[in-house]
Every structure is written in structure tokens, then in C-alpha cells.
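Asks: Using only what follows, build the 3D model:
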Amino acid sequence: MQIREATADDWPQIYPFWSEIVAAGETYAYPEGLTSEEAKDLWMYDHVVVAVEGEEIFGSAKMGPNRPGRGSHIGTASFMVSPNARGKGVGRALGEYCVSWHREQGFHGIQFNAVVETNTTAVRLWKSLGFQIIGTVPDAFDSTSYGRVGLHVMYLPLT
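Replies: Numbering: from 1, shown residues only. Okay, here's the model as predicted:
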């Protein structure tokens, strides 16, 4: 598997799993029912990468500053792995790339603003990469399966 910078030509492969994950209602608070172009505007900015094997895209991540101006020394990222590729190390490969990229870019740390507490696979992965839960906003996410659940704020210092 290779991690490479995404291009506009990759979007037709990203959008199907992006929209499936959003529609599932378990991990992202993006609006449901977005057109491909609307979703593309939300995903394809800052530094976007894809995890590929041959021509097939298994996942994507976007990363960059968490906040503008005086908050821009802290990075953030979002990840989506195709349901067909789960359990194959795609999330870990994207996560390791994310940490490395933020270090190379000189970020002071990485903050994930909204990790759904019931997304135990993601929470376990981020903890294994050194992230800590620094707080949980109760009832901040309306999960399709669990109702209102907390959103973790997770942080990894890079210095």
C-alpha cells in the first residue's frame, strides 16, 4: 500500500465511501445527502492524501492547521477508510503518515476535535499512536446506533 497526495481525479473513488460513511451516522457530523461537488468542497482542501494499492483507493485523509492565525501551530486531520478495506491497516498507515507529515511541517502538536467515543477502533488506533483524550464533550454526537454520545478531543504533542 502506498500513501500519496490526492488529486482531483481521485475524488470519484473517494466519494462513494465518503458518502457511505457519512450516511451510516456513526463517525462524522457532515450533513447527509450532499452531492459529490458539495462533499468535495468539504474534503478536498489543505493536504489530502489517499491510500492506494495499484489503482484502487482504500482510504483518504486530510490534514492541516486546526485553526487559523494564532492557532495554526496545532494541526488536525480527518480520516476515512473504505468499508471494503477495514482491518487491512489502512487507518494505521494514514495515521502514521499524518503524524510524520505534521512533524515535517513543523507543527507543535495534533488535535482531533471530534472523535466519537463509540468509535472504539479509531480511539484505540489514536491512543496507540500516542494521542491522549484530553476531554469529552458529553452528548455532542447523535449516533445512529447509540443515540447521543460524547465526542473526545484528542491530542498528540509533537515537540
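Asks: What is the neighbour count of residue 2?
Replies: Counted with other CB atoms under 10 Å, the neighbours of residue 2 add up to 10. The way it works is simple: take the backbone N, C-alpha and C, and place the C-beta from them, glycine included.
Asks: can I assume residue 114 is in contact with residue 27?
Replies: No. Checked against CB atoms under 8 Å, the pair residue 114 and residue 27 is beyond contact range at 9.3 Å.
Asks: Pretty sure residue 100 sits in a helix.
Replies: Yes. Residue 100: assigned to a helix according to DSSP: H, G, I helix; E, B strand; the rest coil.
Asks: and residue 114 and residue 27? which has more neighbours close in?
Replies: Using other CB under 10 Å, the more surrounded residue of residue 114 and residue 27 is residue 27, with 20 against 17.
Asks: May I have the phi/psi pair for the more buried one?
Replies: phi -140, psi -20 (degrees, to the nearest 10).
Asks: Contacts only, for it.
Replies: Neighbouring residues of residue 27 by CB atoms under 8 Å, 6 or more residues apart in numbering: 21, 116, 119, 122.
Asks: For the first one, which non-adjacent residue is spatially closest?
Replies: Counting by CB to CB, 6 or more residues apart in numbering, residue 21 lies nearest to residue 80, which is 5.4 Å off, once chain neighbours are set aside.
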